[in-house]
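**Student:** after the sequence you'll find the predicted model.
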Amino acid sequence: MMTETTDPVVRVELLYFAGCPNWEVAASDLAALQAEMGFALEFSEMDSQETAVARDFRGSPTVLVNGVDPFEDPAGEVGLSCRIYDTPAGRAGSPARDQLRAAVASAQPG
């Protein structure tokens, strides 16, 4: 017998540090997308350099989709800093909403 689960298949985690103003833009975009697409969303504050190193945190905001950074920059430094993204509108402190939508959609089954 199969049981249906209501748990979302896609899990999105937003890693940030409080000193970066850009994480709130990403949080707002992700909340809107969560309502549209139905994924699990959690927020994790990097409150120390030790936490940043332990999580391989490469700047705020970092978005993980099912544990993977779809915007990964292997050359990015680990630590408490703001991150820059290449977006269709140019360089920005957060991925564009359509970039986030595409990253989440690519992780959804079917």
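**Tutor:** That came through, no problem. Residues are numbered from 1 along each chain as shown.
**Student:** going forward, measure contacts and count neighbours with C-alpha atoms only.
**Tutor:** Fine.
**Student:** so where do the strands sit in this protein?
**Tutor:** 11-16, 40-45, 62-65, 85-87, 90-92 (DSSP state E).
**Student:** which of the ones you listed is buried the deepest?
**Tutor:** strand 62-65 (a mean of 24; mean count of other Cα atoms under 10 Å).
**Student:** what does that one rub up against?
**Tutor:** 10-16, 69-71, 83, 103-104, 107 (Cα atoms under 8 Å, 6 or more residues apart in numbering).
**Student:** kindly report the same for stretch 12-20.
**Tutor:** 23, 26-27, 39-47, 57, 59-67, 80-82, 104.
**Student:** give me that answer again for 7 Å
**Tutor:** Residues from elsewhere that reach stretch 12-20, judged by Cα atoms under 7 Å, 6 or more residues apart in numbering: 23, 40-47, 60-66, 80, 82.
**Student:** near the closest residue to Asp73 other than its chain neighbours, how many other residues are there?
**Tutor:** Counting by Cα to Cα, 6 or more residues apart in numbering, the nearest residue to Asp73 once its immediate chain neighbours are dropped is Arg58, at 8.0 Å. Burial of Arg58, expressed as a neighbour count using other Cα atoms under 10 Å, amounts to 24.
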